[in-house]
Every structure is written in structure tokens, then in C-alpha cells.
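In: next comes the sequence, and after it the predicted model I'd like to discuss.
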Amino acid sequence: MKEESIEALKKSYQSAFRDEEIQWQKLTAARQAMLDAAMGNVPQVTVRKWLTHLEGRHRIDILHPDTRKILDNLSHWCGADRLAHWMRASRMFNTASDLAFRSAMELKAAAGIEVVSGLDGERPDGALRRKLIAIATRLNPTVELNLVRELYAEGPALLNSGAASPDRMEVAGMHVPYYNMSTISLSSRFDPLDTVYHEMWHSIEPVLTPEERKLLRQAFPGDRLMTHEERTAVAFAAWATGNDRLDADRGKSPGTLRTFRKVAAAGGQFLRFAGSHRIEQIFGRAYSGEMGQRMVRGFREMTGRQAFLPISRPVAAKISGQIPPVVQKSDRKGMRR
């Protein structure tokens, strides 16, 4: 593309992420106004629960009885004007966030992820964004990475990773194999570094060889609380972040230490197998980007392009010689409770 066109895409992305920041501030203020107005009438945890039920949706199902009840309660507790202001702020932020992501992907396709990462340095959380992009690009250059302020999910897939129910809740991340897309929450409730490793593991699962699959299944069997795939992703994320943070262990916050203890417990046999040479070799191949290059080769051989979608199952068949099971959408909420 001509330099003028790339410059236009850069300005489009800059404009989009600046507007996203503005809309996020407005949503945060509107949310706080709802909580302040309800104070004394109902516990804040109840208000947050109902806001969570509605936020992040592109369309609210007004015809559903539960939705009507929630809206009636919020209007009664917080006032109709504040509810209307919050609803508009939520929708405006969703729109701005979607536009920023689309603008970033257009710029990436035209000029490369390095240009997107460079502009991300201008954002308030630019250092974190650039680090997450660097990790994702190293582990799987083909993946589409979406970094969001908050992320919500619901449905049976939540149970696969240890959540107590399929009800709508805030989650740390998810990977959708069909779109080869990983979404990572930047919320302070979670550890985005741990999450990006977790979701990147899911993204390269299709190109695991039969022998690698066999060893991992033996090391991290699934049970009624969590699937084998989730246990393996949890173990890999703990192993990878441990590699990254060896020099910073003494400075971990209590919250991070609690998270690591929960990860170890949820991972089941992780501590037993962490010293296994063969398991660490597999993790090392993912960490170094070797498995990501299997994805790159698959893309190139099958599509003639560096990255596009959907390709997971065909690429897996090409690289490993078999059609693997479809990896279901994953989330990290069960690892963060």
C-alpha cells in the first residue's frame, strides 16, 4: 500500500482508541453514579450483579422477564435518568471498543503488528498492551488479539474451566478457534500476562502432534471440575509466567501469590509434572514460538497468506496428520475466583 494510505489507517486507529478511552471514562462515571444512587437502598454487590448481566451486550433482550425485572429494579433503586445515562454510556463504549479493534486489525493487515504496537505506546496502558502483543506474536503470529477493558461470558463453556455456574460473569479471557481470535481482559481483577499465555496455549492446540497430545493428556487429565484442555492451559500459563517472573518473585503482591496458589491447585497434577523433562520440552516449544510457526506454515500452505480465518482444523490436519477434536471456547473465570 502507499504510504498515504497507511498514514490514513494510522490516524484512523489513533482517533478510534482515543475515543474508546473517552467513552470508557464516561462509562466508569455512569456506573459509579448508579452505585452511589443505590447506596442505602440495596447492597452494591446486588447493583453490580445486575449491571454485569446487562453490560457488554450488543442488544438487551427487553422481552425476557428477567431483563424487565432487572431494569425495573435498577430504575427504582437508581432513578430512571441515571439508568438511561448508564445504558447510553455502556452502548457508546461498546461501539467505540469495537471500532478501535477493527481499526487496529485493518492497520495490522496493511502495515504489520509492529506499527499497531508502536501506536499503542501512546495509550495510558500502552506498556502493558505492547508486552501482551509481544508475547502473543511470539507464541502464535497468526492469532488475532483483542485487548479489552472488560470481558463478559456466559454458558456451559464456563463450567469447563471450573466456574460454579454458567451464569453471565466477568472473565479474564477467551479463545475462539473458529476465528483464531483471543480476547484478553485488561481489568485489574485479573492478571493479563497469565491470561495471554493461557489463551495463546489454546490458540496453538490444533497443531499439537499426536505424541504431544498423549503426553499432555497423561499429565493433565480432566475431571468433573475442569477439562484436560483447561488444566493444560492453566499449567502452561503458570509455567510460562514463572519463566518471565523468576527475578520478580520476591516482589509479588499478595493477590498475585494467591492467584498462583489457586492456579497450582486448579492445575491438579501441575506441580508433580512441572519437572517432567518431556512436558517441559512441549511447553518450551510453545514458549519459544516453535508451535506458532507450525500455525504459520499451515496458513501459508493452505491459504497462501500469513493469517486468516477460519483454519484451525484444516491446519491441524496438515501439520499433525490428523483431525483433532474441536477446542471449545474457553474462559478464565474459574481460575480467578
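Out: In hand now; what should we look at?

In: can you give me the strands in the stretch 51-200 of the chain?
Out: Taking DSSP state E, counting those that start in this stretch to define them, one finds strands in the stretch 51-200 of the chain at 144-148, 152-153, 169-170, 173-176, 181-185.

In: list the contacts of the closest residue to residue 90 other than its chain neighbours.
Out: For residue 90, the nearest residue in space outside its immediate sequence neighbours is residue 55; the separation is 5.3 Å by Cβ to Cβ, 6 or more residues apart in numbering. To be clear about C-beta, it is placed using only N, CA and C from the backbone, and glycine gets the same treatment. Contact analysis of residue 55 by Cβ atoms under 8 Å, 6 or more residues apart in numbering lists 90, 150, 152.

In: let me know the pLDDT of residue 55.
Out: According to the prediction, residue 55 has pLDDT 85.

In: returning to what we had before: nearest to residue 14, out of the strands of the stretch 51-200 of the chain?
Out: With Cβ to Cβ as the criterion, residue 14 lies closest to strand 144-148 of these, at 15.8 Å.

In: for the closest one, packing partners?
Out: Where contact means 3 or more Cβ pairs under 8 Å, 6 or more residues apart in numbering; DSSP states H and E, strand 144-148 is packed against helix 80-111, helix 126-139, strand 181-185.

In: let me have the ones you listed in CSV, extended by mean pLDDT.
Out: Putting the helices and strands packed on strand 144-148 into CSV (pLDDT from 0 to 100) gives the following:
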stretch, mean pLDDT
helix 80-111, 94
helix 126-139, 94
strand 181-185, 94
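
In: return the most buried member of these.
Out: Sort the helices and strands packed on strand 144-148 by mean neighbour count, taking mean count of other Cβ atoms under 10 Å, and strand 181-185 sits at the top with a mean of 24.

In: could you give the angle of that one to helix 80-111?
Out: What separates the directions of strand 181-185 and helix 80-111 is an angle of 130 degrees, with axes from the mean of the first three to the mean of the last three Cα atoms, to 10 degrees.

In: kindly export strand 181-185 (C-alpha atoms) in PDB.
Out: As requested, the backbone C-alpha atoms of strand 181-185 are provided in PDB (Å, rounded to 0.1, in the frame of the first residue of the first chain):
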ATOM      1  CA  MET A 181      -9.100 -15.000  17.900                       C
ATOM      2  CA  SER A 182      -8.000 -14.500  21.500                       C
ATOM      3  CA  THR A 183      -9.600 -11.800  23.700                       C
ATOM      4  CA  ILE A 184      -7.800 -10.700  26.800                       C
ATOM      5  CA  SER A 185      -9.300  -8.500  29.600                       C
END
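
In: what lies in contact with that strand?
Out: 132, 136, 143-151, 170-176, 192, 195-196, 199-200, 202-203, 309.

In: distance from it to the middle of the chain?
Out: How far strand 181-185 lies from its chain's middle: 3 Å, per Cα atoms, centre = their mean, to the nearest Å.

In: again, but for stretch 214-231
Out: Its chain's C-alpha centre lies 21 Å from the corresponding centre of stretch 214-231 when counted by Cα atoms, centre = their mean.

In: select, out of the helices and strands packed on strand 144-148, the one closest to residue 239.
Out: Closest approach to residue 239 among the helices and strands packed on strand 144-148 is made by helix 126-139 (12.8 Å; Cβ to Cβ).

In: could you check the angle strand 144-148 makes with the closest one?
Out: Orientation check (the same axes, to 10 degrees): helix 126-139 against strand 144-148 gives 160 degrees.

In: tell me which other helices or strands helix 126-139 touches.
Out: With contacts defined as 3+ Cβ pairs under 8 Å, 6+ apart, the secondary structure elements packing on helix 126-139 are helix 113-120, strand 144-148, helix 192-204, helix 277-288, helix 290-303.

In: returning to that earlier point: now the contacts of residue 55 in a markdown table, with distance to residue 234?
Out: Conversion of those to a markdown table gives the following (distance: Cβ to Cβ, whole Å):
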| residue | distance to residue 234 |
| --- | --- |
| 90 | 31 |
| 150 | 22 |
| 152 | 21 |
